[in-house]
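Generate coordinates for the sequence data below:
(one chain, ligands or ions: 1)
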Amino acid sequence: MLRIDSLNTYYGDSHVLQGVDLSIPAGKSLGLMGRNGMGKTTLIRSVLGYVPAASGKIAWNGRDVTGLPPEKMARLGIGYVPEGRGIFPNLSVRENLIMSARAGVNGRNDWNFERVLETFPRIKERLDHGGQQLSGGEQQMVSIGRALMTNPELLILDEATEGLAPLIVQEIWRVIEQICKTGISTLIVDRNYRAVLSHTDLAAVMEKGRIVLADNSKSLLEKQDALTQYLGV
Ligand SMILES: Nc1ncnc2c1ncn2[C@@H]1O[C@H](COP(=O)(O)OP(=O)(O)OP(=O)(O)O)[C@@H](O)[C@H]1O
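Down below sits the predicted model:
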């Protein structure tokens, strides 16, 4: 499981994360919500080691991992689908997928090339296309496929449905649901709060670098006042 205690992060003088506490139990999905600029992406990037934590602690499966670099975090079983997708535009779909293939922690090998193609039949037809020739939805599928091929224990998805057509968005949520069912923990940031709350076990809301609300997702769906206050919905 992931446990974050009193995490503080700065960009220069700007105090972005202001004492964040958050936990994701093994096998659970957590939706992280909040208006623009509240610190969601910074929290993810701090956990992954892209942005250094000024203070506080990040523990992963009981081990203190604060300050570890991104490649070490990935090796420990945390997969990342970044905002903006992050696939290699000059490599083919096949190359994008194959280059990230590896067994997970303890040799877990559930997710391989064939399983990713079964999950995303759409990209099966595009294996020899370059990353830059794909539609936004296809790029997102390749990006999720790449992360799955590292056989993560926790998958972090930052705005995975942003800018996609409604049918593709549905498809992405279907796959996220499938991923959660296989026991992979997920941390999901998405603007559609209803979709987030109906596809996750737990939810947290950030405001100005702090977690101001944490609950199970079903209960939060019923707290309309809080959702209006913090999300403006
Ligand atoms: N590289 C950076 N350098 C300086 N400030 C940054 C940087 N990235 C983000 N910020 C600032 O940090 C704050 C938190 O941004 P962050 O991207 O984490 O928010 P967010 O909740 O993910 O919002 P969004 O949905 O807009 O991505 C914002 O005020 C933002 O302007």
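
alpha carbons only for contacts and neighbour counts from here, please
Will do.

Please list all residues in contact with Arg3.
21-24, 58-60 (CA atoms under 8 Å, 6 or more residues apart in numbering).

JSON lines for these, including neighbour count?
Below are the contacts of Arg3 laid out as JSON lines (neighbours: other CA atoms under 10 Å):
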{"residue": "Asp21", "neighbour count": "17"}
{"residue": "Leu22", "neighbour count": "17"}
{"residue": "Ser23", "neighbour count": "18"}
{"residue": "Ile24", "neighbour count": "20"}
{"residue": "Ile58", "neighbour count": "25"}
{"residue": "Ala59", "neighbour count": "16"}
{"residue": "Trp60", "neighbour count": "20"}
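
Using a markdown table, lay out those residues together with secondary structure.
A markdown table is the format used below for the contacts of Arg3 (DSSP: H, G, I helix; E, B strand; the rest coil):
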| residue | secondary structure |
| --- | --- |
| Asp21 | strand |
| Leu22 | strand |
| Ser23 | strand |
| Ile24 | strand |
| Ile58 | strand |
| Ala59 | strand |
| Trp60 | strand |
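
Please produce TSV containing those, extended by distance to the ligand and pLDDT.
TSV is the format used below for the contacts of Arg3 (distance: CA to the nearest ligand atom, whole Å; pLDDT from 0 to 100):
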residue	distance to the ligand	pLDDT
Asp21	15	98
Leu22	15	98
Ser23	18	98
Ile24	18	98
Ile58	17	98
Ala59	20	98
Trp60	21	98
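
so which of those residues comes closest to Ile188?
Proximity to Ile188 was ranked across those by CA to CA; first place goes to Ile24, at 11.2 Å.
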